[in-house]
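# can't give you the sequence, but here's the structure:
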């Protein structure tokens, strides 16, 4: 049996917390320390005895860590952190700004190649598992269309947008895939779907005391890009209802490839995620790719990688023999 | 752009025919010839101009073929053909006798390593895509259960078993997954399911003129292994109805991983195939893995491989840059 993979967590929000939880379920891996920009003494980790150190001290941990799991945000943390840390460590991130993946890959690849490290970027579920399904679907059924639906799920960005509206005390937004659109895709219709036809948006809003509900509703549904292109429902609830019913972070969605292999043969490949906790699931994907990253690094396979570059077997703690006997 | 991948098809039943159809949808690949044990002049290929040659002449085609797609059966053809042809060619098969995969892998690996060829075994959908989903699900959600359901689909083996019963003129059998069992799994119940609870079997039977329906029904439902462990429905139909409604080869199924990442967070990963034509879909998977096999061979990565060993990006005709920009 291999020695345990020694893991560092960089950044401790919901995602970092999810990675700590996930490592407890993977006996071949071990948390060495959490690294934070905050005061280590103030951090409440799942395991109160988990070591916590300052991110500025990371350099001195180089010989004690096999892979760093980067749990910062894609907007400002990862574009800087991933290339910078890849110059000294094997790293994994969940960079999810789709449009900027090529430049992120290039920056991380240059750093990792120069340093002789391995860096896996854009793991998680979209990008990540959903991307894999889009690739498998298209490669196997070249004559067809791929559809990605998100939800039902809490969207952090849209919830933030609601909370910036005057008169809103608190609120959350759920993205809801259209059942009708999914049914048409599953039936092999290969429809052309507008943005409005694919998803609807549902908002639960707590008003400030003197707020005008009609004005708040109008401000939400007319917001460009965020809500205007969608059919949006706004429901006003009490602060108690919000606390009782809307504290989770559920999400998920569907990737469907609808294709044909001959005139009479329609073929449908569907992948669905139903997640009670989006950050805990994303964290679980990061941990599996951290295992793969450590193995690639150990075998001398350096540079930046994405889930497209990683043989599935590397994600599993089982040996190739075991995988063939048990899962193939 | 790469030169086209030059493909030979070995064996021309429904699967070989499906490979010929699939190659027409993949412009980066090209059919060089079909190879058969039958009289080449007698073979009706999809494209009447497709070259057909005797399997015994294969050796002389060595320099004109990049990869052979083996379309024989798992029972007697592939255990002999795959290792034997791997001594001279890069090959892909869909060997699907799950219990014998380890010994098949060992035989093919020895031949391929000795010859410096690349051989991908057990592609298709089960083993194949379903196996990949079992692996991803288990690696990402180590605390959970994996469920595989097959159908609704035509089972060739069970249809053959029906046709061997005295009094049966013709017949087909469909395997049907239990909607109730699937609903319980999706709901995160993680039930222990007996064989009888997971699938039912439905038979459509054409009787011989003097046959006793009750005797035939009794012979079917009591057949050990094949039908006895299941709730089996037998419907008697006319030869015309059989020809009208039961000539396709639909199949599919579900792989569901139901897991938890913490006390309050259930997570469900579901993969579903709905196939109008089982052989044409299996053929499409073989063709995508043939592309990967040709690339592995070209890069000097020899020996036997399974879908677990193959980075997803190798299946696609797109470049890594394109894949990152378009699908990640």
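Received it, and whenever you're ready, just let me know what you need. Here the structure is a predicted model, which is why all the values come from computation and not from measurement.
# Would you list the phi and psi of residue A:143?
phi -100, psi 90 (degrees, to the nearest 10).
# Please identify the residues of the stretch 1-150 of chain A in proximity to chain B?
Counting by Cβ under 8 Å from any Cβ of the partner chain, the residues of the stretch 1-150 of chain A close to chain B are A:18, A:21-22, A:25-26, A:98, A:101-102, A:105, A:122, A:127, A:129, A:131-132, A:134-136, A:138-143. Any C-beta I mention is one placed from the backbone N, CA and C, and that applies to glycine too.
# Now that we have these, which of them are buried?
Buried members of those, counted by 16 or more other Cβ atoms under 10 Å in any protein chain shown: A:18, A:21-22, A:25-26, A:98, A:101, A:105, A:122, A:127, A:129, A:131-132, A:134-136, A:138-142.
# chain center to the helix or strand harbouring residue A:290: distance?
According to DSSP states H and E, residue A:290 maps onto helix A:278-298. The chain centroid and the centroid of helix A:278-298 are separated by 12 Å under Cα atoms, centre = their mean, to the nearest Å.
# could you give me the average pLDDT of the following helix or strand past it?
As assigned by DSSP H and E, the chain's next helix or strand after helix A:278-298 is strand A:303-305. What strand A:303-305 shows for mean pLDDT is 98.
# Please, where are all the helices along the stretch 151-300 of chain A?
For the stretch 151-300 of chain A, applying DSSP state H, counting those that start in this stretch gives helices covering A:156-163, A:179-186, A:195-198, A:213-221, A:239-245, A:278-298.
# buried residues in the third one?
Spelled out, that is helix A:195-198. Buried positions in helix A:195-198, judged by neighbour count with 16+ other Cβ under 10 Å: residue A:198.
# now residue A:252, nearest residue through space, not along the chain?
residue A:273 (4.1 Å; Cβ to Cβ, 6 or more residues apart in numbering or on different chains).
# Which pLDDT value does the model give the one you found?
As predicted, residue A:273 sits at a pLDDT of 98.
# That one: what's it in contact with?
Going by Cβ atoms under 8 Å, 6 or more residues apart in numbering or on different chains, residue A:273 touches A:125, A:129, A:130, A:251, A:252, A:253, A:281, B:267, B:268, B:269, B:270.
# Adding pLDDT, write those out as CSV.
Listed next are the contacts of residue A:273 as CSV, based on pLDDT from 0 to 100:
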residue, pLDDT
A:125, 97
A:129, 98
A:130, 98
A:251, 96
A:252, 96
A:253, 97
A:281, 98
B:267, 98
B:268, 98
B:269, 98
B:270, 98
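# Could I get the buried residue list for stretch A:158-173?
So for stretch A:158-173, counting by 16+ other Cβ under 10 Å, buried means A:158, A:159, A:161, A:162, A:165, A:168, A:170, A:171, A:172, A:173.
# which strand residues sit across from the residue nearest to the fourth one when sequence neighbours are not counted in the sheet?
To tie it back to what came earlier, the one meant is residue A:162. Closest residue in space to residue A:162, ignoring its immediate chain neighbours: residue A:171 at 4.2 Å, by Cβ to Cβ, 6+ apart. Beta bridges link residue A:171 to residue A:205, judged by DSSP bridges.
# wait, isn't residue A:171 in contact with residue A:159?
Yes - look at residue A:171 against residue A:159 with Cβ atoms under 8 Å: they come within range, at 6.4 Å.
# So which of the helices of the stretch 151-300 of chain A is nearest residue B:206?
Among these, the nearest to residue B:206 by Cβ to Cβ is helix A:179-186 (32.2 Å).
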